[in-house]
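Participant: okay, predicted coordinates and the sequence, questions at the end:
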Amino acid sequence: MDFVVEHLKDHGIRPSVQRVAIMRYLMEHCSHPTVDDIYRDLHAMMPTLSRTTVYNTLSLLEGKDALSVLTIDSRNVHYDGDVKPHAHFMCRECRRIFDVPLAGTGLNGSPATPDGFKVEHTHLYYDGLCDRCREEEDAALAKETYFI
């Protein structure tokens, strides 16, 4: 069976052509796309796909814990097809979002939870400069210092 169809069924979601296409896109594109990214890329292959269908499908997938919603970016909501515990890093310069593995065994290293509480989701975000943007900034600073 197709891994995407199986993923949807495992989360209690009836597979449709649009749902499979959107979930496949999320699982195959680790770029943490926005609604606009998903719509733009899939609409080229599925001209009948509407932006409303993308929104509604993402809402359904979120409600069934089949994807993660990232609010790391104050400008856009991003989506992640990888629902295994991990953190995220967003570069303040290029705005790309990267997956960051959690040390140890999943969420065991997270802050203590008050007695009687049940943790269902944890979001850990980092921001700063990615290696590429840091190197560019360092090179620009070195060049600036050289000419002073």
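Facilitator: Arrived safely, thanks for sending. Numbering: from 1, shown residues only.

Participant: angles on the backbone of the residue nearest to the spatial centre of the chain, please.
Facilitator: In the chain, the residue lying closest to the centroid (C-alpha atoms, centre = their mean) is Asp80, at 2.9 Å. Dihedral angles of Asp80 (phi, psi; degrees, to the nearest 10) stand at phi -130, psi 120.

Participant: can you pull the contacts of it?
Facilitator: Asp80 makes contact with Leu26, His32, Leu67, Ser68, Val69, Leu70, His88, Asp99 under the criterion C-beta atoms under 8 Å, 6 or more residues apart in numbering. C-beta coordinates here come from the backbone N, C-alpha and C atoms, glycine included.

Participant: likewise for Gly63?
Facilitator: Per C-beta under 8 Å, 6+ apart, neighbours of Gly63: none.

Participant: find me the pLDDT at it, would you?
Facilitator: Here, the pLDDT recorded for Gly63 equals 95.

Participant: look up how far His7 lies from it.
Facilitator: Counting by C-beta to C-beta, to the nearest Å, the gap from Gly63 to His7 is 15 Å.

Participant: please apply the same query to Cys94.
Facilitator: Between Cys94 and His7 the computed distance is 30 Å (C-beta to C-beta).

Participant: hang on, the earlier thing: out of everything not next to it in sequence, what's closest to the residue nearest to the centre of the chain?
Facilitator: Nearest residue to Asp80 in three dimensions, chain neighbours excluded: Ser68, at 4.2 Å (C-beta to C-beta, 6 or more residues apart in numbering).

Participant: for the one you found, grab the count of nearby residues.
Facilitator: For Ser68, the count of nearby residues is 21 (other C-beta atoms under 10 Å).

Participant: again, but for the one 10 residues further on
Facilitator: The tally of other residues near His78 (other C-beta under 10 Å) stands at 21.

Participant: pull up the per-residue confidence for Asp145.
Facilitator: Quick fix: residue 145 is Thr, not Asp. 64.

Participant: if we can go back for a sec, quick one, which of the contacts of Asp80 are buried?
Facilitator: Buried by 16 or more other C-beta atoms under 10 Å: Leu26, His32, Leu67, Ser68, Leu70, His88, out of the contacts of Asp80.

Participant: with that, I have no additional questions.
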